[in-house]
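Undergrad: Compute the structure for the input listed below.
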Amino acid sequence: MTSTRSLSVFSGLQPALVWEHFATLCSIPRPSKGEARLRDHLRTWAEARGLAASVDAAGNLVVRKPASPGRESAPGVVLQSHLDMVCQANEDTPHDFTSDPILPVLRDGWLVADGTTLGADNGIGVALILAALEDKNLVHGPLEALFTVDEECGMGGARGLDPHVLQGRRLLNLDTEEWGQFYLGCAGGVDVNVRRPGCAETQPDNFAGLRIDVRGLRGGHSGVNIHEGRGSAIKLLVRVLRELEKRWPFRLSTLQGGTARNALPREASATLALPGEAMAGLGDLLAGLQAAFRLELAGVDENVTMSVTTCDIGRVMAATEQALWLASLHAAPQGVRRMSVRVPGVVETSNNLGIVDLKPEAGACNFMVRSLVDSAAVELANEIVSLFALSGTVAEQSGHYPGWAPNPGSPLLSLCQAVYRDTFGSESTTQVIHAGLECAIIGGKYPGMDMVSFGPTIHGAHAPGESVEVQSVERCWRLLRAILAT
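TA: Alright, predicted model coming up:
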C-alpha cells in the first residue's frame, strides 16, 4: 500500500490525475522481469472501468478505449510506455526493490528519490497513459495503450510483442526525457556477456585481507549520459589494482561493480590479500590515485572517493586468472567510440562496461554496446569478443536490437510540431537519441507504423537521485490531450 509519506508528496500536484497514477506506481514494486503484480493491478483497474484489457505471451498489457462520441472514424492511436524501472540504490541506502515502495520528495519543483532511482523512467509515461484512459473529458479517436515489460533488461516485452495485436497505425511513445523535444530516431544495441571459470586458492600466509571501495560517482544512463565523460567505478578500480600490481604481489579475491547493464557504474569494490609490509604505503598510494582521478574528472565527477578497510578473505583467485582478468578489463573499451557525422552532436557508437562480478571460483562481466549504425554496434561487440578470446575467455553476443531510423517527413511528427506550436506559442525541436527506445523493435513488427516519442524532463535516469520536473509533466499532459484531440 502507498505510505502516508509517499501520498503527501503528491498532494496539490497538477495534473492530479497523472500524479495519482504515478503514486500508485511508486507503491507497487516493478523491477524488470518483476512487473506481474503491477500489470495485474492495471488490468483489473482497466476492466473495472469497462475497458478491454489483455496480456500477450510476452507479458505485455494492452488496454483499449473506444473513441469519444463523434470521433469513431478518427485514426487509431497507440500510446506506449514500459512498466519496469531500473533499480539502483546507493550502498548506504537499504532498499528492497521487490517489496519496498519508492518514497519521493518534492524539492524546488522537482520530484526526487533520494538514495534510489525514482522510476520516472518510464513511470511518468505510464501515468500519462493511464490518465488518458481514465479521463472522461478527453477528446480522442480509438485508443490502444501498450504497456510493455522488461524494457530495461533487453527490451524483452517489445521483442515478444504479438505482431497482430495492435490496430492503430500511429504510435506515441512517452519515454523521452527532455521536454520540448520530439524524438524520431534512436540507437540500436547489443550485449556482450563474458564468463570464465576460475581456480580458488588459499590466502597466502602473512598476507592481510582488505577491501578497497570506489564511490561517489554520479552514474547515470549509459546512453543519455555516456558523452559527458562521467567516471566508471569499475574502470577506476581496475586502474587502482594495476598500480598495486607494480608494487606488491597482492592476491585478488573478489572484484564487483555496477548493478545494471544500462547504467554507468557508480560504485565498485575489491577484496584482496596484501603482504603485511605493504600496508604502510597503501594509504599514500590510494590518496595519490584519488587526487589524480578527481583532477581527471574535474567538473564531471570530482567527488569520487576511495576507502580501504580490513576484512577476512580466506580464498583468492589463482595468480594467472587474476592477471588475465585485470589486463583484459584494463584494456576493455568504455565510453564514446565515435560521434555521428550524419546527426551532429549525437553519439554514434559507444560501450558501457556495466557489471563485473569476479570471484575465486569464476568471473563474469557485461558490456552494452550502442550505435546509430547497426553494423558499427556489431563490429565494436566483435572487438570486445576478440579481446577476451586472446585469453581463451568465452564472450558471447546477445540481445541485438536494431536502431530506429529517423523519418523527418513523418506526418505524425508534423502534426505534433503544429500542435506544440499552437499550444505553447513556441517551436519544439527534434532529436535522435543515443539511448534505445522500443520504437525500433515495434516498428519492425509493424512496418509503416508512424511513430514519435516525447515526454517530460527527467534528470539522472538509471541512478539514485533520479528526478522529474513537475511543471514539464503538466505541459506533457496538455500536449498529449491536444494531440489526441487533433
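Undergrad: burial count for the closest residue to residue 176 other than its chain neighbours?
TA: Of all residues not flanking residue 176 in the chain, residue 455 sits nearest, at 3.8 Å (C-beta to C-beta, 6 or more residues apart in numbering). For the C-beta atoms, the positions are set from N, CA and C on the backbone; glycine is no exception. The number of residues packed near residue 455 is 29, by other C-beta atoms under 10 Å.
Undergrad: Then residue 304?
TA: Neighbours of residue 304 using other C-beta under 10 Å come to 21.
Undergrad: okay but it is in contact with residue 295, surely?
TA: No: with contact defined as C-beta atoms under 8 Å, residue 304 does not count as touching residue 295 (10.5 Å).
Undergrad: returning to what we had before: next, find the distance separating the residue nearest to residue 176 from residue 277.
TA: Note on residue 455: its distance to residue 277, by C-beta to C-beta, to the nearest Å, is 57 Å.
Undergrad: How about residue 149: what's its closest non-neighbour residue?
TA: For residue 149, the spatially nearest residue (C-beta to C-beta, 6+ apart) is residue 157, at 3.9 Å.
Undergrad: do the same with residue 433
TA: Nearest non-adjacent residue to residue 433 (C-beta to C-beta, 6+ apart): residue 186, at 4.9 Å.
Undergrad: List the residues that contact that neighbour.
TA: 372, 403-404, 432-437, 439-440 (C-beta atoms under 8 Å, 6 or more residues apart in numbering).
Undergrad: ChimeraX command for the buried members of those residues?
TA: Buried residues within these, by 16 or more other C-beta atoms under 10 Å, are selected in ChimeraX with:
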select :372,403,404,432,433,434,435,436,437,439,440
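Undergrad: Okay, now the unreliable bits of the protein?
TA: Within the chain, the segments meeting pLDDT under 70 span 1-7.
Undergrad: just how off-centre is the lengthiest helix in it within its chain?
TA: In the chain, taking DSSP state H as the definition, the longest helix is helix 279-296. When distances are taken as C-alpha atoms, centre = their mean, to the nearest Å, helix 279-296 is centred 31 Å away from the chain's centroid.
Undergrad: circling back to that earlier point, where does the residue nearest to residue 176 sit: helix, strand or coil?
TA: coil (DSSP: H, G, I helix; E, B strand; the rest coil).
Undergrad: Next up, the contacts around it.
TA: Here residue 455 is in contact with 124-125, 174-179, 476 (C-beta under 8 Å, 6+ apart).
Undergrad: Tell me the one of these nearest residue 144?
TA: Compare each of the contacts of residue 455 with residue 144 using C-beta to C-beta and the shortest gap goes to residue 174, at 13.5 Å.
Undergrad: The closest one against residue 122, yeah?
TA: Yes: judged on C-beta under 8 Å, residue 174 makes contact with residue 122 at a distance of 7.1 Å.
Undergrad: which residues do the two both contact?
TA: residue 81.
Undergrad: Comparing the two, which residue is more hemmed in?
TA: Taking other C-beta under 10 Å, residue 174 and residue 122 do not tie; residue 122 has more neighbours (31 against 22).
Undergrad: Relative to residue 143, how far out is the more buried one?
TA: Distance, residue 122 to residue 143, using C-beta to C-beta: 18 Å.
Undergrad: Run through the helices of the stretch 1-150 of the chain in chain order.
TA: 4-8, 16-27, 36-48, 120-134 (DSSP state H, counting those that start in this stretch).
Undergrad: swap that for the stretch 351-486 of the chain, sorry
TA: Counting by DSSP H, counting those that start in this stretch, the helices of the stretch 351-486 of the chain are 374-389, 411-424, 439-445, 470-485.
Undergrad: Show me the domain layout of the chain.
TA: 4-186+404-485, 190-401 (automatic domain parsing).
Undergrad: In which helix or strand does residue 323 reside?
TA: Using DSSP states H and E, residue 323 maps to helix 319-331.
Undergrad: List the buried residues in that helix.
TA: For helix 319-331, burial by neighbour count (16+ other C-beta under 10 Å) applies to 321-322, 324-329.
Undergrad: next one: phi and psi at the residue nearest to residue 433?
TA: The phi and psi values for residue 186, taken as degrees, to the nearest 10, are phi -150, psi 170.
Undergrad: just the one 4 residues further on next, same as before
TA: Torsion angles at residue 190 (phi, psi; degrees, to the nearest 10) stand at phi -160, psi 140.
Undergrad: Partner strands of the longest strand anywhere in the chain, with direction?
TA: As assigned by DSSP state E, the longest strand anywhere in the chain is strand 347-358. With DSSP bridges as the test, strand 347-358 is paired with strand 251-257 (antiparallel), strand 335-339 (antiparallel), strand 362-371 (antiparallel).
Undergrad: so which of these gets nearest residue 227?
TA: strand 335-339 (5.6 Å).
Undergrad: List of residues touching that closest one?
TA: Around strand 335-339, the neighbours that count as contacts under C-beta under 8 Å, 6+ apart are 226-227, 229, 232, 345-352, 376, 380.
Undergrad: List the buried residues of that strand.
TA: Buried residues in strand 335-339, counting neighbours by 16+ other C-beta under 10 Å, are found at 335-337.
Undergrad: can I get the CA coordinates of that strand in CSV?
TA: Presented in CSV, the C-alpha positions along strand 335-339 are these (Å, rounded to 0.1, in the frame of the first residue of the first chain):
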residue,chain,number,x,y,z
GLY,A,335,32.6,5.3,-23.3
VAL,A,336,32.2,7.0,-26.7
ARG,A,337,33.8,5.3,-29.7
ARG,A,338,32.5,7.7,-32.4
MET,A,339,30.3,10.8,-32.7
